[in-house]
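**Q** no letters, just coordinates:
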């Protein structure tokens, strides 16, 4: 149990579907992150929320839309994805010192394995 | 730009031996480093971290060494066990930034 729960664990969707990934953290952290993990590539940071405000958006295509309704929940809304978007999507949380800056480790969930048909 | 890389993509060790996993980084502005372990089907699990004002930190069976002169980070695992088999990532953060930059990982295989 990592304290960060992601659902669903697996998702298969067509390119025209709309789906959402959910992340919930039980660690009392104030920052949450979305990462993409593809085979043989380093983890790619997608979005950062600190105190429920987005502080980082690493040139992610608009077909990915994050939402952070409160400090414990994070969503990634997906629509009209492409086959190259198939990957493991990881959520993480950490305790920030403000402005998205932290020298505390990020704690990860087990990810959602996404397959685009 | 920053780069975080690992010297070896795979490492096989005999059970009971010590393991050393290496990581090179290129950004001298990085001041915080983390090692993660990722088992199959799971997310990265925090192992140990170290700040740039230290050169060594020990945990349970693990030691992280930081050499800022040559921008090198290593993770030592004592008495490696089959449960240590996983992919190990190092990550770095620049001073004042919120991004972690990850390496591609080293796969550690423990031979019983």
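**A** That came through fine. Computed from a predicted structure; not experimentally measured. Numbering: from 1, shown residues only, chains lettered A, B, ... in the order given.
**Q** going forward, measure contacts between C-alpha atoms and count neighbours the same way
**A** Noted.
**Q** name the nearest residue to the most centrally placed residue in chain A, ignoring sequence neighbours.
**A** Nearest to the mean C-alpha position of chain A, counting by C-alpha atoms, centre = their mean, stands residue A:34 at 2.5 Å. Spatially, and ignoring its direct neighbours in sequence, residue A:34 is nearest to residue A:91 (4.7 Å; C-alpha to C-alpha, 6 or more residues apart in numbering or on different chains).
**Q** which residues does that neighbour contact?
**A** A:4, A:6, A:23, A:32-35, A:108-111 (C-alpha atoms under 8 Å, 6 or more residues apart in numbering or on different chains).
**Q** which of those are buried?
**A** Buried members of the contacts of residue A:91, scored by 16 or more other C-alpha atoms under 10 Å in any protein chain shown, are A:4, A:6, A:23, A:32-35, A:108-111.
**Q** is residue B:83 part of a helix or strand, or is it coil?
**A** Secondary structure, DSSP: H, G, I helix; E, B strand; the rest coil: residue B:83 is helix.
**Q** can you count the residues close to it?
**A** 10 (other C-alpha atoms under 10 Å in any protein chain shown).
**Q** that one and chain A, how far apart?
**A** Using C-alpha to the nearest C-alpha, to the nearest Å, one gets 17 Å for the distance from residue B:83 to chain A.
**Q** check the gap between that residue and residue B:62 for me.
**A** Residue B:83 sits 14 Å away from residue B:62, going by C-alpha to C-alpha, to the nearest Å.
**Q** swap in residue A:84?
**A** Distance from residue A:84 to residue B:62, by C-alpha to C-alpha: 37 Å.
**Q** quick one, which of the two is more surrounded?
**A** Applying other C-alpha under 10 Å to residue A:84 and residue B:62 shows that residue B:62 carries more neighbours, namely 18 against 9.
**Q** surely that one touches residue B:76?
**A** Yes. At 5.5 Å, residue B:62 and residue B:76 qualify as touching, with contact defined as C-alpha atoms under 8 Å.
**Q** does the closest residue to chain A within chain B sit in a helix, a strand or a coil?
**A** Nearest residue of chain B to chain A, counting by C-alpha to the nearest C-alpha: residue B:43, 3.9 Å away. When states are read from three-state DSSP, the local structure at residue B:43 comes out as coil.
**Q** got TSV for the buried ones among the contacts of residue A:91, with pLDDT and distance to residue B:32 too?
**A** Listed next are these as TSV, based on pLDDT from 0 to 100; distance: C-alpha to C-alpha, whole Å:
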residue	pLDDT	distance to residue B:32
A:4	97	22
A:6	98	27
A:23	98	26
A:32	93	18
A:33	94	18
A:34	96	20
A:35	96	19
A:108	97	18
A:109	97	21
A:110	97	24
A:111	97	24
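**Q** for chain A, what are the nearby residues on chain B?
**A** Contacts of chain B with chain A, taken as C-alpha under 8 Å from any C-alpha of the partner chain, map to B:32, B:34, B:41-46, B:49, B:96-105.
**Q** and the residue nearest to residue B:107 when sequence neighbours are not counted, bridged to which residues?
**A** If you skip the residues right next to it in sequence, residue B:107 has residue B:87 as its closest partner in space, 4.2 Å away by C-alpha to C-alpha, 6+ apart. Residue B:87 has these beta-bridge partners by DSSP bridges: residue B:38, residue B:107.
**Q** all good on my end, thank you.
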